[in-house]
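Have a look at this fold, sequence not included:
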DNA sequence: TTCTAAAATTGAGTCAATTCTGTTTTTATG
DNA sequence: CATAAAAACAGAATTGACTCAATTTTAGAA
């Protein structure tokens, strides 16, 4: 009998997220005041804090939605990778990078990343760590796939390699969102250059 | 004739840093109130903001001191590296990691990292980026040294390799400071395992 | 020594996130 | 349908980082 109350709850959650997403986009994270989000969502300030522990968690919920889409988009590449190690990696990481800026601005990413290191045990901090792990796992899966096809040496430590590739990409992405003038093609080229060393080492 | 005024200025800087370092250690970053730091340093709140743009910059100044010590400690290894690629890397990165927790708690690192991504154009954000670059450069210098000795292939892209190694270590360190129960030996072992792939690829 | 402009300091005031407490709404029970 | 406990809400109060106008201190000239 989870009726009215549950429905209202889900509805308010949605309204808060939508209001916040709109205001974050328009005014930036700092510029979007909690009172304004509350007004836009037609709830009170107190209610927002009943749903989210702090302002950062609201952004966190939005970011999580986006990263889950990125993970979904990556599945296709893992299932059917380009027949070349360098291209396969570039394609998967390319999807991560391009998708990541679809809905979220660099400023929103900066805030989200900051919050996830500042409060690693908060709801968003934990969710973010889990998402990072899923991305690492997906890269590892791609490597396993390439090994199965016979494009990557069998004796490579896939786990360590996946971590290495993800960590490097992630750090490059962090530096990328820190500089407003940085462009995606340059980022991807730099990562390709770094991965070239690995590709040479692991290809059959 | 840079007399009294300059001396008082330096003295106040020192007092603020010392007061902040003590309170950050005792009460944590959030727990250390600006008023308390001001009282401890025997200056007014306004004066603190005359010296530092915001609370984060005070922490930033402390972190910068520490990272500079780390850089200094690294010089010795670059000048005289162990005669084995894996050990050379492990020694240098080991110094970075061990030194980094000498004065700063994990919590202080979390805050510092968060601030540097949140405000990349603030004084500390810029300083932090520069420090990261210096560390990357030092790793690149170690690789060049190993190439000169003949332990690393000549045709390796040292720049890209330095970035790869630094980015991976840095990301591992970030995850490390996010988990209070994470231990240094495990961190170093994980990084060694990741670097093993690279070592195998670049050794002569 | 005395005076003045520039530099630095001060602390009360502002602003916005978060907390707290009393009120209202929902659910479950007789 | 009445009602009491539980859950959720509202918005006023609190808190703490940061600002700013008034005041004090310093440097250097006369």
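Good, I have the coordinates. Quantities reported herein were computed from a predicted structural model and do not represent experimental measurements. Numbers count the residues shown, from 1 in each chain, chains lettered A, B, ... in the order given.

hang on, isn't residue A:77 packed against residue A:90?
No: contact criterion Cβ atoms under 8 Å: residue A:77 and residue A:90 do not qualify, at 10.0 Å. Any C-beta I mention is one placed from the backbone N, CA and C, and that applies to glycine too.

Low-confidence stretches in chain A?
Filtered on pLDDT under 70, chain A yields the residue ranges A:1-5.

how much distance is there from stretch A:31-41 to the middle of the chain?
How far stretch A:31-41 lies from its chain's middle: 25 Å, per Cα atoms, centre = their mean, to the nearest Å.

Stretch A:163-179 too?
With Cα atoms, centre = their mean, you get 11 Å for stretch A:163-179.

Is there proximity between it and chain B?
Yes: using Cβ under 8 Å from any Cβ of the partner chain, stretch A:163-179 reaches chain B at A:163, A:164, A:167, A:168, A:170, A:171, A:172, A:174, A:175, A:177, A:178, A:179.

Neighbour-wise, which one of those residues leads?
When the residues of stretch A:163-179 next to chain B are compared by neighbour count (other Cβ atoms under 10 Å in any protein chain shown), residue A:164 ends up highest, at 28 neighbours.

where's that residue relative to residue A:28, distance?
Distance of residue A:164 to residue A:28, computed by Cβ to Cβ, to the nearest Å: 34 Å.

where does residue A:35 land in three-state SS?
helix (DSSP: H, G, I helix; E, B strand; the rest coil).

and it, what is it in contact with?
Applying Cβ atoms under 8 Å, 6 or more residues apart in numbering or on different chains to residue A:35 gives the contacts residue A:45.

what does residue A:98 give?
Contacts of residue A:98 (Cβ under 8 Å, 6+ apart): residue A:184.

Check residue A:81 too.
A:88, A:91, A:92, A:142, A:145, A:146, A:149.

before we move on, what about residue A:139?
A:89, A:92, A:162, A:165, A:166.

Could you double-check that the first one lies in contact with residue A:196?
No: taking contact to mean Cβ under 8 Å, the distance of 9.8 Å between residue A:89 and residue A:196 leaves them out of contact.

Quick check: phi and psi at the residue of chain A found nearest DNA strand D.
Nearest residue of chain A to DNA strand D, counting by Cβ to the nearest atom of the strand: residue A:46, 2.2 Å away. Main-chain torsions, residue A:46, degrees, to the nearest 10: phi -60, psi -40.

and if you look at residue A:122?
Dihedral pair for residue A:122: phi -70, psi 170, per degrees, to the nearest 10.

For residue A:77 and residue A:90, indicate the residue with more neighbours.
For residue A:77 versus residue A:90, the count of surrounding residues by other Cβ under 10 Å is larger for residue A:77: 21 against 18.

What separation do you get for the more buried one and residue A:178?
According to Cβ to Cβ, residue A:77 stands 27 Å off from residue A:178.

count of residues packed around the residue of chain A closest to DNA strand D?
Close neighbours of residue A:46, defined as other Cβ under 10 Å, add up to 8.

Any idea which residue is closest to the centre of chain A?
By Cα atoms, centre = their mean, chain A has its centre lying nearest to residue A:67, at 3.6 Å.

My read is that that residue contacts residue A:131, right?
Yes: with contact defined as Cβ under 8 Å, residue A:67 counts as touching residue A:131 (4.6 Å).

Does residue A:156 belong to a helix, a strand or coil?
Secondary structure, three-state DSSP: residue A:156 is coil.

Pull up the gap between the nearest residue to it once chain neighbours are set aside and residue A:167, please.
Once flanking residues are discounted, residue A:156 sits nearest to residue A:202: 5.0 Å by Cβ to Cβ, 6 or more residues apart in numbering or on different chains. Per Cβ to Cβ, residue A:202 is found 16 Å from residue A:167.

for residue A:70, same thing?
Going from residue A:70 to residue A:167 by Cβ to Cβ gives 17 Å.

Kindly report the same for residue A:25.
On the measure of Cβ to Cβ, residue A:25 and residue A:167 end up 30 Å apart.

what's the answer for residue A:111, then?
Separation of residue A:111 from residue A:167 (Cβ to Cβ) stands at 21 Å.
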